[in-house]
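Colleague: Here is my input; please provide its structure:
(one chain, ligands or ions: 1)
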Amino acid sequence: MQTALEIKFDSLEHYLNNLLSLHLEKGHQLAIWRKPKSQFLQILIDNSGKAKKVSPRLEELPSGFIVHPFEDQEDQKAYYLEASSYFKIDLNIAIEDQKENLKAIGIVKTNTQSKKLINKSLFSSGETGGRESYLEYSKQDFVELVKKGIKAIENGELNKIVPAKLKKIELTEGFDLVNSIKSLIQAYPNAFINFFHIPEVGSWLGASPEVLIQTKGELFSTMSLAGTQKAVGDNPLKNTAWTQKEIEEQALVSRYIVDCFKKIRLREYDEIGPKTVLAGNLLHLRSDFSVNMNATNFPQLGSVMLELLHPTSAVCGMPRKEAFDFLRTHEKFDRSLFAGYIGPVNIEEETSIYVNLRTARLMDGFAILYAGAGVTEDSDPEKEWEETEMKCDIIGQHLNLQKKL
Ligand SMILES: C=C(O[C@@H]1C=C(C(=O)O)C=C[C@H]1O)C(=O)O
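Modeller: Modelled structure (predicted):
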């Protein structure tokens, strides 16, 4: 059999176009990601041809990629891509010089041929519901929703709420998935760049700034991320001031995490921050939490915290149940996988699960972008709308790239 070694790929783009077209055409599930600050593009293929669901007991799972919607499912399960093959590409080394690590591809196609096949497979996958079933949120709808949220906070029903909207954008025939992935990788070195495809569920492309839980050796970590403003000036990380509203909003997320630790009587954790961090051209406030799982004798902390944390008050609100019920009643659309969680599990002895934010669901000729904004008593509804527009742009800007040329 011919191996990748014998075949000439002239660029990363050429290789990825071939790899994706081959597996998408065969109806395989796959996930591609680049972790924050990493030089590796990691690729996992599940060629079983069938979407699988698992209970998120992370420690017991084989190597794979987990995908969980915003809402808990009745069966309490998540989709799981189990690695039939897994490999990685070093983005700092020319593709010709790392052929021995690549997955073999039989017949090599041109970029144009592969792109056509990719789009055909993506856009004709098992998606149901046409464009009409995705009612876009107008500014007025969203502002009304935020006002309802503020009222519920004033009435003492909630402390914080994170309403979201969806936005539809056209995808032109020339939509170029690989180019979009490459563009996201370059633009957002601090984000978890991801693309995943489950034929029965959909295809999503995103650049998440938010870790939900991470375990690496004996170290567990999570973060509280909230407060948003546009990065301006020469040194925004140093010179940015935050309002009381934003400081409180983020403190509520931190409190939520600490409350989860308390529930399981875990007292020995480290908390660093909050500090200002950059996500694309947006700034957030972030605190980092870490726990030594050996010292605390908590080997299953990853799974336990995953269950307690999701959905966090960064994407749902506080108190969790009341906020969740509020969104169910008033938001009027299905968040689907938006604000759910995604990420590699037990790969190279690490599990890194992110909140599925700054993301687009790729549909037949269009994409759905989703974004939410943390609302407290002092929120200005117009500003929250602007915030969701900026969040949608983070991914929207990288979809129809050929238009910009
Ligand atoms: C809800 C989103 O982002 C979350 C909400 C934030 C906020 O309210 O300021 C900031 C970061 C994320 O935790 C989103 O990107 O859609």
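Colleague: if I pick the closest residue to the ligand within the stretch 251-400 of the chain, what's in contact with it?
Modeller: Of all residues in the stretch 251-400 of the chain, residue 374 sits closest to the ligand, at 2.9 Å by C-beta to the nearest ligand atom. C-beta: built from backbone N, CA, C; applies to glycine. By C-beta atoms under 8 Å, 6 or more residues apart in numbering, the contact set of residue 374 is 160, 161, 162, 226, 227, 228, 249, 314.
Colleague: can you map out the helices along the stretch 101-250 of the chain?
Modeller: For the stretch 101-250 of the chain, the helices defined by DSSP state H, counting those that start in this stretch cover 111-123, 139-154, 177-187, 236-239, 244-263.
Colleague: Figure out which of these is closest to the ligand.
Modeller: helix 244-263 (6.4 Å).
Colleague: just how off-centre is that closest one within its chain?
Modeller: In this view, helix 244-263 has its centroid 21 Å away from the chain centroid, taken as C-alpha atoms, centre = their mean, to the nearest Å.
Colleague: Against which helices or strands is that helix packed?
Modeller: Counting contacts by 3 or more C-beta pairs under 8 Å, 6 or more residues apart in numbering; DSSP states H and E, helix 244-263 packs against strand 219-230, strand 270-279, strand 282-292, helix 301-309.
Colleague: For whichever residue of the stretch 51-200 of the chain sits closest to the ligand, which non-adjacent residue is closest in space?
Modeller: Closest residue of the stretch 51-200 of the chain to the ligand, C-beta to the nearest ligand atom: residue 162 (5.5 Å). Closest residue to residue 162 apart from its sequence neighbours, by C-beta to C-beta, 6 or more residues apart in numbering: residue 372 at 4.6 Å.
Colleague: how about that neighbour, what does it touch?
Modeller: Contacts of residue 372 (C-beta under 8 Å, 6+ apart): 162, 163, 164, 165, 315, 339, 388, 391.
Colleague: okay, now the last one: neighbour count?
Modeller: Spelled out, it's residue 391. For residue 391, the neighbour count with other C-beta atoms under 10 Å is 26.
Colleague: Of all the residues in stretch 64-73, which ones are buried?
Modeller: By neighbour count on 16 or more other C-beta atoms under 10 Å, the buried set for stretch 64-73 is 64, 65, 66, 67, 68, 69, 70.
Colleague: Mind putting the contacts of residue 374 into CSV with pLDDT and neighbour count?
Modeller: CSV is the format used below for the contacts of residue 374 (pLDDT from 0 to 100; neighbours: other C-beta atoms under 10 Å):
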residue, pLDDT, neighbour count
160, 94, 24
161, 96, 30
162, 97, 26
226, 94, 28
227, 94, 24
228, 95, 23
249, 91, 26
314, 92, 30
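Colleague: Closest to residue 192 out of those?
Modeller: If you rank the contacts of residue 374 by distance to residue 192 using C-beta to C-beta, residue 314 comes first, at 15.0 Å.
Colleague: residues in contact with that closest one?
Modeller: Contact analysis of residue 314 by C-beta under 8 Å, 6+ apart lists 162, 210, 224, 225, 226, 253, 355, 374.
Colleague: circling back to that earlier point, inside helices: which ones of the buried residues of stretch 64-73?
Modeller: Among the buried residues of stretch 64-73, no member falls in helices (DSSP state H).
Colleague: Mind checking which of those land in strands?
Modeller: The strands, defined by DSSP state E, take in 64, 65, 66, 67, 68 from the buried residues of stretch 64-73.
Colleague: could those residues be laid out in JSON lines, adding distance to the ligand and pLDDT?
Modeller: Listed next are these as JSON lines, based on distance: C-beta to the nearest ligand atom, whole Å; pLDDT from 0 to 100:
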{"residue": "64", "distance to the ligand": "25", "pLDDT": "98"}
{"residue": "65", "distance to the ligand": "21", "pLDDT": "98"}
{"residue": "66", "distance to the ligand": "19", "pLDDT": "98"}
{"residue": "67", "distance to the ligand": "17", "pLDDT": "98"}
{"residue": "68", "distance to the ligand": "16", "pLDDT": "97"}
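Colleague: thinking again about what came up before, with distance to residue 267 added, can I get the contacts of residue 314 in CSV?
Modeller: Below are those laid out as CSV (distance: C-beta to C-beta, whole Å):
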residue, distance to residue 267
162, 28
210, 25
224, 18
225, 23
226, 24
253, 20
355, 26
374, 28
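Colleague: Around the ligand, pick out the residues from the stretch 301-405 of the chain.
Modeller: Selection of the stretch 301-405 of the chain residues close to the ligand by C-beta under 6 Å from any ligand atom yields 314, 315, 357, 358, 371, 372, 373, 374, 391.
Colleague: what about stretch 198-213, start to end distance?
Modeller: By C-alpha to C-alpha, to the nearest Å, the extent of stretch 198-213 from end to end equals 23 Å.
Colleague: and that stretch, is it in reach of the ligand?
Modeller: Yes - on the criterion C-beta under 6 Å from any ligand atom, stretch 198-213 is in touch with the ligand at residue 210.
Colleague: what comes up buried for that stretch?
Modeller: For stretch 198-213, a neighbour-count test (16+ other C-beta under 10 Å) marks 198-199, 201-213 as buried.
Colleague: List just the nearest of the residues you listed to the ligand.
Modeller: Among these, residue 210 lies closest to the ligand (C-beta to the nearest ligand atom), at 5.2 Å.
Colleague: List the beta-bridge partners for residue 359.
Modeller: residue 206, residue 370 (DSSP bridges).
Colleague: Centroid-nearest residue for this structure?
Modeller: In the chain, the C-alpha nearest the mean C-alpha coordinate belongs to residue 356, at 2.8 Å (C-alpha atoms, centre = their mean).
Colleague: Turn the helices and strands packed on helix 244-263 into CSV, columns for distance to residue 119.
Modeller: Below are these laid out as CSV (distance: least, C-beta to C-beta, whole Å):
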stretch, distance to residue 119
strand 219-230, 33
strand 270-279, 29
strand 282-292, 30
helix 301-309, 35
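Colleague: Could you check stretch 134-149 against the ligand for contacts?
Modeller: No - using C-beta under 6 Å from any ligand atom, stretch 134-149 stays clear of the ligand, with a minimum separation of 11.5 Å.
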